[in-house]
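# Turn this into a structure:
(2 chains)
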Amino acid sequence: MIKKTALLANLVALSLILFLIESVLPLPLFAPGAKLGIAQVVTVFTLYYFSAKDAFLVLLTRTTLSAMFFGGPTIFLYSAAGGIFSLFIMTLLKKSGKFSLYGVSAAGGFCHNLAQLIVAYFILNSNAFFHYISVLCPVGIATGLVIGYVASEILRRMKLLKS
Amino acid sequence: MKINDILLIIVLLLFSFIPLAFINRSAAKIAVVSVNNEHYKTVSLDKDAVLTVKTKYGENIVKIENNTVAVESADCADKICVRSGKIENAGEVIACLPHRLLIEVKEDD
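Below you'll find the model as predicted:
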């Protein structure tokens, strides 16, 4: 239990570092506003290695801390909405047992961007954001696949270490 | 990767492109600038102009040129608005979330 708590705390720290690295090095990825979201690797990893509950705890701690360190309440709203909605959908898809980590992660990326656009719609009160769904959601699928690949490689190696 | 994953991705992609069906091009266009959800200024895309949007959140220089709108420079941290480039079709937007600025191209009616 203590070991697990320590590991989860490490995962929070790791995802914060990934989040920070990404905000310092903004990759001009396909479209403005699009990010690889490498911190999401930690969420997907925790979801598969531990459980949905642990992934939720890590995610919530990470978004709260990153908002306190680098962002603000608005940034928190965006990243929390994206993170929580995508984790919720990923948990459902994983539980259904019909999809592999790649499909789950791709849907996660899709939902992450979709939720952020919906929040943008409510904050800025403009339906023009629905037009941007066609740009950001496919980007989310692509980044989700990349994240799925990284997470699956990490899980493969972790399982090798365990045995 | 399973067959189900590929099907899921195809369904999600199709869903992403639904909003494109609701966008139409043509007609005279205007750019509606709003800050923190409140209307700031409406400008026509016909005439080239430079608009300085200075609010308590920060400053963005908006440039209208050849029927396109772009944020030329801004003092925000992420510069996503500047990197959004030029927009010209109704429905397109440039947002500067740190400054709560939103530029929308609409059809003039």
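# what does chain A put close to chain B?
A:26, A:28, A:32-33, A:74, A:78, A:93, A:98-100, A:102-103, A:106-107, A:110, A:120, A:123-126, A:128-134, A:137-138, A:141, A:145 (C-beta under 8 Å from any C-beta of the partner chain). Using the backbone N, CA and C atoms, a C-beta is placed for each residue, glycine as well.
# Okay, and the closest residue to chain B within chain A sits in which element?
Closest approach of chain A to chain B (C-beta to the nearest C-beta) occurs at A:Gly103, with a separation of 3.1 Å. In the assignment (DSSP states H and E), A:Gly103 maps to helix A:101-124.
# list the buried ones in that helix?
Buried residues in helix A:101-124, defined by neighbour count with 16 or more other C-beta atoms under 10 Å in any protein chain shown: A:101-121, A:123-124.
# Name the next helix or strand following it along the chain.
helix A:129-162.
# Which positions in that following helix come out as buried?
Buried-residue list, helix A:129-162, by 16+ other C-beta under 10 Å: A:129-148, A:150-152, A:154.
# Show me which residues of stretch B:31-45 are buried.
B:31-35, B:43, B:45.
# so where do the helices sit in chain B?
B:3-17, B:80-83 (DSSP state H).
# Pick the most buried one from these.
Comparing the helices of chain B by mean neighbour count (mean count of other C-beta atoms under 10 Å in any protein chain shown), helix B:80-83 comes out on top with a mean of 20.
# How about that one and chain A, touching?
Yes. Judged by C-beta under 8 Å from any C-beta, helix B:80-83 comes into contact with chain A at B:80-81, B:83.
# how about those residues in a markdown table, adding pLDDT?
Shown next, in a markdown table, are these (pLDDT from 0 to 100):
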| residue | pLDDT |
| --- | --- |
| B:Ile80 | 89 |
| B:Cys81 | 90 |
| B:Arg83 | 90 |
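# Can you pull the phi/psi pair for the residue most central in space within chain A?
In chain A, the centroid-proximal residue (C-alpha atoms, centre = their mean) is A:Gln40; its distance is 3.2 Å. Dihedral pair for A:Gln40: phi -70, psi -20, per degrees, to the nearest 10.
# What of A:Ser100?
According to degrees, to the nearest 10, A:Ser100 has phi -90, psi 180.
# Roughly how far does it sit from B:Val50?
52 Å (C-beta to C-beta, to the nearest Å).
# more neighbours, the two?
A:Ser100 (17 against 10; other C-beta atoms under 10 Å in any protein chain shown).
# I'd assumed A:Phe85 was in contact with A:Gly108.
No. Counting by C-beta atoms under 8 Å, A:Phe85 is not a contact partner of A:Gly108; they are 9.2 Å apart.
# residue contacts, the closest residue to the residue of chain A closest to chain B other than its chain neighbours?
Excluding its sequence neighbours, the residue lying closest to A:Gly103 (C-beta to C-beta, 6 or more residues apart in numbering or on different chains) is B:Asp5, at 3.1 Å. Neighbouring residues of B:Asp5 by C-beta atoms under 8 Å, 6 or more residues apart in numbering or on different chains: A:99-100, A:102-103, A:106.
# ok, 10 Å please
The neighbours of B:Asp5, taking C-beta atoms under 10 Å, 6 or more residues apart in numbering or on different chains as the test, are A:93, A:98-107, A:145, A:148.
# mind giving me TSV with those and columns for pLDDT?
Below are the contacts of B:Asp5 laid out as TSV (pLDDT from 0 to 100):
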residue	pLDDT
A:Leu93	96
A:Lys98	92
A:Phe99	94
A:Ser100	94
A:Leu101	94
A:Tyr102	95
A:Gly103	95
A:Val104	96
A:Ser105	96
A:Ala106	96
A:Ala107	96
A:Leu145	95
A:Gly148	95
